[in-house]
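J.: structure for this input, please:
(chains A, B, C and D)
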There are 4 protein chains.
Amino acid sequence: MNEGHDDHERGPNEEDDGTGDRKEFSHDPVGHVEVGSGMTVEELVAEYGHGGIGAQTLQEAVDIYAEMLGRDDVTNFFGLAGAMVPAGMRHVVADLIRDGHINALVTTGANLTHDAIEAIGGKHHHGREEVEGRALREHDETLREEGVDRIYNVYLPQEHFALFEDHLRGEVFPALEPEGTVSIRRFTAELGRANSEVNEREDVEERAGIAAAAYENDVPVYCPAVQDSVLGLQAWMYSQTTDFSLDALADMTHLNDLAFESESAGAMVVGGGVPKNYVLQTMLVAPDAYDYAVQLTMDPPQTGGLSGATLDEARSWGKLEPTARNVSVYADATITLPIVVAGVRERIDE
Amino acid sequence: MNEGHDDHERGPNEEDDGTGDRKEFSHDPVGHVEVGSGMTVEELVAEYGHGGIGAQTLQEAVDIYAEMLGRDDVTNFFGLAGAMVPAGMRHVVADLIRDGHINALVTTGANLTHDAIEAIGGKHHHGREEVEGRALREHDETLREEGVDRIYNVYLPQEHFALFEDHLRGEVFPALEPEGTVSIRRFTAELGRANSEVNEREDVEERAGIAAAAYENDVPVYCPAVQDSVLGLQAWMYSQTTDFSLDALADMTHLNDLAFESESAGAMVVGGGVPKNYVLQTMLVAPDAYDYAVQLTMDPPQTGGLSGATLDEARSWGKLEPTARNVSVYADATITLPIVVAGVRERIDE
Amino acid sequence: MNEGHDDHERGPNEEDDGTGDRKEFSHDPVGHVEVGSGMTVEELVAEYGHGGIGAQTLQEAVDIYAEMLGRDDVTNFFGLAGAMVPAGMRHVVADLIRDGHINALVTTGANLTHDAIEAIGGKHHHGREEVEGRALREHDETLREEGVDRIYNVYLPQEHFALFEDHLRGEVFPALEPEGTVSIRRFTAELGRANSEVNEREDVEERAGIAAAAYENDVPVYCPAVQDSVLGLQAWMYSQTTDFSLDALADMTHLNDLAFESESAGAMVVGGGVPKNYVLQTMLVAPDAYDYAVQLTMDPPQTGGLSGATLDEARSWGKLEPTARNVSVYADATITLPIVVAGVRERIDE
Amino acid sequence: MNEGHDDHERGPNEEDDGTGDRKEFSHDPVGHVEVGSGMTVEELVAEYGHGGIGAQTLQEAVDIYAEMLGRDDVTNFFGLAGAMVPAGMRHVVADLIRDGHINALVTTGANLTHDAIEAIGGKHHHGREEVEGRALREHDETLREEGVDRIYNVYLPQEHFALFEDHLRGEVFPALEPEGTVSIRRFTAELGRANSEVNEREDVEERAGIAAAAYENDVPVYCPAVQDSVLGLQAWMYSQTTDFSLDALADMTHLNDLAFESESAGAMVVGGGVPKNYVLQTMLVAPDAYDYAVQLTMDPPQTGGLSGATLDEARSWGKLEPTARNVSVYADATITLPIVVAGVRERIDE
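T.: Below you'll find the predicted structure:
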């Protein structure tokens, strides 16, 4: 074969693993992944680090995120897009807030809507695919007739939206009305307070969730596209008959001050969309940029969209420091987020 | 082989194509795609219709979109996400507006930012990958030092953002300031007016673009997450020293009235994100739902995210009529959008 | 904002588009895509070239493939994976062979199976999704009961496999049996001859297809994983009772000689898998490597798999010349292949 | 809002979770995922099962695979495609073989090549991205000059291929030569024997790997497209000067007998391509079909290719029993395979 002819004379023992004084290549062997019964998630993550492709990026994500959370001088920004609450990631995020690991949360109106529905006692459901041995596929027309909304393989009865409306009109909007036009952060904080109180008062089975945890811990929840959700539709309907309204720009001062005052800054970005960009863009008006960044996404970079773009691309914009540690894990975030959080928790000995 | 043993006795001439009275299967043969020199895009699309997989979905997209645009009683909503202006799709969209084919546009602050940069004479550039025979890969650090922002394979010199700031502060904000808090649609309309005027006054090579076309044709441009963009950052900075601000909810009445008053409604959704959902969710508060929907996306449905979700899923939510014609084309929208538009224009004989 | 402060003093007219003597950046503006009624595919492709992201890569694919086909001294290797025959791409490929544009074809047993089924009068069918206004989803169990195989949205009645078996046992194997163990290329050539003869004799509506075109034009058809298909299962069943067998290695001499003797070499790779790698790996034992390479794929590179790997990666292996022109188009190949072929045909004035 | 108006009168306590006697919907609430320090992989998997989207499919994969491995009467077929050995998954697979959990392995020549390179003492390496604080991107031209092959983010010095050639010519081919034409399975078994012996004799740091484990445990290794790999190129070169050759069809009897004699059958498919299809298609000539099937893939179904196709599609072909338990996990297999194996090992108490 055309490569390696010169090496034919060398025996296996003379093999030098190709290090030399090469620019691109240096000796760092892949040590194969080993798995066994009873291993912890952190042990699994350490094994990933021996491997390549996605496994290695996931170990690197844990490593970087552990460094972000382990250092006292890092302000942690967290972007949460995608159907992460319907997918069951609500407590994972809420507990990070409770443990002081999130200093600012950027998320979608949809995640806040679904978070509140659970806080007041509503449930999402696993979409059944088999009934009495007979396979059923997702019949969206039938679901419509049955009053059930589908989010991939998760079902949500539409009646929960009516209860959510009651919650907003009973517990959230009245408290805000006297203030007239408020910031979105003010709105999400009030939602968090109400979720927290109703959850406790009604003794709801599920814990109060993300917005409640943020409220209880004074963590700001930014939701730039709040009007693009059922939460936003409700806010609009309420604004029709009252003085209530939302200021689209007011939060940027607050978020940018946070970035400005950070000694060091880290970004954990789950999914793409507005939360990802909003977390990153704040550095365009700050003197420095992110020192750490991790993204967990399944959007491919080759579409040219922001959601799948590498974090290196963000470096060209000055959103990351030139020397920032960063990694992108291209795999289902409903799988990778719990691994990263469990791995980091074990690493920082919680 | 275990299938077809019963058929062994039949000769080729008795072959009946397997129709019978089957429920799932009916005779509709794939006729193979033929391509030749000089064929028009519409002829190509007709050939796609003979094929299967993605080709067939693209033909169906043309068919549905032609029906949407060909009927006088259909109100056309258009969602535009992704880096479509940097990717060169600016005139495709602007010309649809000019020709009366878009009644409401929902897009991102990023697309409006890049649209305005071109309107005032700025240019995006093809990222060079080879210089004097020597291959270069994207060095984002180097780009940062050179003051160039990268969007996948498109480069944008950062100095254009300063000129964009001048444009906003010189031509756009002063006109709005007396009004105090305005709707986002009011802001994008004023941006369109300013783009249009500067473009003409300065005799800029490129046409005035999307926002200008919308302004000139009284087409509303909704931008729910405007703060998530350089356009939004500029609006925020201006709001710091003036009475200018943006109302996050005000546009929803306008958009929902449009949906409410539509005899029939069609949605063309390019990319996912906020524009896709905002176009679709307006039907949650309207008496009816979309009669037509086409989406061009490269996000896969299996992440569970809204961006890649099928339009059938939207049917379970009541965003599409049970009988709505709809199709999702899973392929790069920078490739499929021009085909769909060229094909439809030929079909409706423009 | 933190970028561009130095530029604030400059007016629009002093704007220099950021060229200077930069390494990464040079002036090559994105000129926006324009589409209109009646434009030809080649005109559309020229417009793609003005844009970015995927559109630009597709224009580059046409440009490179036109150069490959336009030069007399280039030997053209073609890899065809994926369900391209069921998707209707059979004539596109067969016509390239007939016009002398393919010198060696590497494909899958599945494509040859489906090609032969059409050659003897069988049909693939568009999977119906609506019957009498009632939406049906793909019920694979029901299809099984009905004797219909599904390939995404294409259906194939299983009885065609029985007719295919008759074809092989009546027309193909008897001619090969006296030769005992034959190369796979010999087998596919005999299949092509039989397809050609039966197609003509029986006056089948569809043209004789890929294998027939290859046979008629002395183009070798390599099928390394032939046993991984219904064609291979049939070959195995026949080998059980006769001396017929297939030599797994025999074709490599033939293919490698072709590579060795090529003055210049070009690779067009549609889909990934074995056809892609087999086309590329032949250069590992040739003195030179590919001068041109184009791939049309929807597999993402970030899985680390060969199917989605960039062609740059192949350069590290020595499968491409360091200076080879190459491009990867990440979009549905059932959409991009017809565009590339129509565009190239118009470009080389056929 | 247009849904749920009738429900306005109901308070939260009357909420019935929407069960009723619905066809599609039945009460099965999503219970949110909880993660903590020190949790085991199996505990993590149990948490995934509470969630939705990909997390839930991964839990289901563990559940099905545990049932496959826990039942004595199930014959386990394993398909291994993709760059899984370079990615570090070599011991995960080899240990499954050693523990009796794989009865037949179908893989690629590439995986066997990389497995043998490690068995004789070669190493893959993590591709460095940073050297002395200066970021480097993958420069494939430079790598070529340095004699290093790249597989995404894994590097392999080309000199290992020369040592692999020595291994084959010294230890493998001489033992086979007297037999003339052999089956591919015979070839892979001999490779396994040689790997095992050299590994032990030379006291290589890494364990002997997949082919060795299979040899030591009499597990057949099928490699239908063996010629599509460096292993195949070497076999071909050797066949040029000797009587050695490989029979492409011989193994099918062996594999099909295995399927025929299975009381029950299960398929674990990692990645797509030839290994996936070859595992599945064997049921086309068996009286029954798979009772269990799990696939771990990152290829999307919407390309229409076999690699990403759902296992339901395989049911239409009769490759799966109508009642077969099956699940597809769409996420990076280098991440999911270790989880599935660790989870199953804990579940079956190993």
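
J.: got a list of what the one residue in the stretch 251-350 of chain A that gets nearest to chain D touches?
T.: Shortest the stretch 251-350 of chain A-to-chain D distance, computed as C-beta to the nearest C-beta: residue-wise this is residue A:332, at 3.4 Å. In short, each C-beta sits where N, CA and C put it, glycine included. Each residue near residue A:332 by C-beta atoms under 8 Å, 6 or more residues apart in numbering or on different chains is listed here: A:298, B:303, D:53, D:54, D:55, D:329, D:330, D:331.

J.: now residue A:220
T.: Applying C-beta under 8 Å, 6+ apart, the residues contacting residue A:220 are A:104, A:105, A:185, A:188, A:189, A:214, A:251, A:254, A:255, A:258.

J.: do that again at 10 Å, thanks
T.: Residue A:220 sits next to A:102-106, A:183-186, A:188-189, A:214, A:251, A:254-255, A:258 when contact means C-beta atoms under 10 Å, 6 or more residues apart in numbering or on different chains.

J.: so it versus chain C, what's the distance?
T.: 22 Å (C-beta to the nearest C-beta, to the nearest Å).

J.: which element is the closest residue to the residue of the stretch 251-350 of chain A closest to chain D other than its chain neighbours on?
T.: Among residues not flanking residue A:332 along the chain, residue D:54 sits closest, at 3.4 Å (C-beta to C-beta, 6 or more residues apart in numbering or on different chains). Here residue D:54, judged by DSSP states H and E, is contained in helix D:53-70.

J.: quick one: buried residues of that helix?
T.: By 16 or more other C-beta atoms under 10 Å in any protein chain shown, the buried positions in helix D:53-70 come out as D:53-69.

J.: kindly report the same for stretch A:168-184.
T.: A:168, A:171, A:172, A:173, A:176, A:181, A:182, A:183, A:184.

J.: neighbours around residue A:340, how many?
T.: Per other C-beta atoms under 10 Å in any protein chain shown, the neighbour tally for residue A:340 reads 26.

J.: who are the contact partners of it?
T.: By C-beta under 10 Å, 6+ apart, the neighbours of residue A:340 are A:41, A:45, A:58-59, A:61-62, A:64-66, A:92, A:268, A:270, A:294, A:296, A:329, A:333, D:35.

J.: look at the nearest residue to residue A:67 once chain neighbours are set aside and give its secondary structure.
T.: Closest residue to residue A:67 apart from its sequence neighbours, by C-beta to C-beta, 6+ apart: residue A:292 at 6.7 Å. Assigned by DSSP: H, G, I helix; E, B strand; the rest coil, the conformation of residue A:292 is strand.

J.: name the member of the contacts of residue A:220 with the most neighbours.
T.: Most surrounded of these: other C-beta under 10 Å gives residue A:214, at 30 neighbours.

J.: so that one is in contact with residue A:97, correct?
T.: Yes: using C-beta atoms under 10 Å, residue A:214 is in contact with residue A:97, at 5.4 Å.

J.: ok, the closest residue to residue A:34 other than its chain neighbours - how many residues close by?
T.: If the residues on either side of it in the chain are set aside, residue A:34 comes closest to residue D:91, at 5.3 Å by C-beta to C-beta, 6+ apart. For residue D:91, the count of nearby residues is 23 (other C-beta under 10 Å).

J.: over to the one 10 residues further on?
T.: With neighbours defined by other C-beta under 10 Å, the count for residue D:101 comes to 21.

J.: and it, which of the three is it?
T.: coil.

J.: what sits against it?
T.: D:65, D:68-69, D:76, D:78, D:93, D:95, D:219, D:268, D:341, D:344-345, D:348, D:350.

J.: one step back: for the residue nearest to residue A:67, which residues make a bridge with it?
T.: residue A:266, residue A:325 (DSSP bridges).

J.: pretty sure it is touching residue A:324, no?
T.: Yes: in this structure residue A:292 lies within contact range of residue A:324 using C-beta under 10 Å: 6.2 Å.
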